[in-house]
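Asks: no sequence on this one, just coordinates:
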């Protein structure tokens, strides 16, 4: 589905796991540039690598 998010920016709080991670993944898959945040640096880095491998948008 194309939601028209290519090139748009999104900020997702609590995105290292759970619902936040799923939301960030879908936004990035739709082409949005996603900024993720969370409390655990290791989990955030792991999530960023996972998302970037499958996303068409940037994940930071």
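Replies: Okay, I see it. Treat the numbers as computed from the prediction; the structure is a model and nothing was measured.
Asks: in the longest helix seen in the chain, what's buried?
Replies: Under DSSP state H, the helix in the chain containing the largest number of residues is helix 41-54. For helix 41-54, a neighbour-count test (16 or more other Cβ atoms under 10 Å) marks 44, 47-48, 51 as buried. C-beta coordinates here come from the backbone N, C-alpha and C atoms, glycine included.
Asks: list just the nearest of the residues you listed to residue 28.
Replies: Nearest to residue 28 among the buried residues of helix 41-54 is residue 51, at 5.1 Å by Cβ to Cβ.
Asks: and for that closest one, nearest residue in space, chain neighbours not counted?
Replies: Among residues not flanking residue 51 along the chain, residue 59 sits closest, at 4.4 Å (Cβ to Cβ, 6 or more residues apart in numbering).
Asks: lowest pLDDT pick from the buried residues of helix 41-54?
Replies: Ranked by pLDDT, the buried residues of helix 41-54 bottom out at residue 51 (88).
Asks: enumerate every residue touching that one.
Replies: Residue 51 sits next to 24-25, 28, 34, 36, 59 when contact means Cβ atoms under 8 Å, 6 or more residues apart in numbering.
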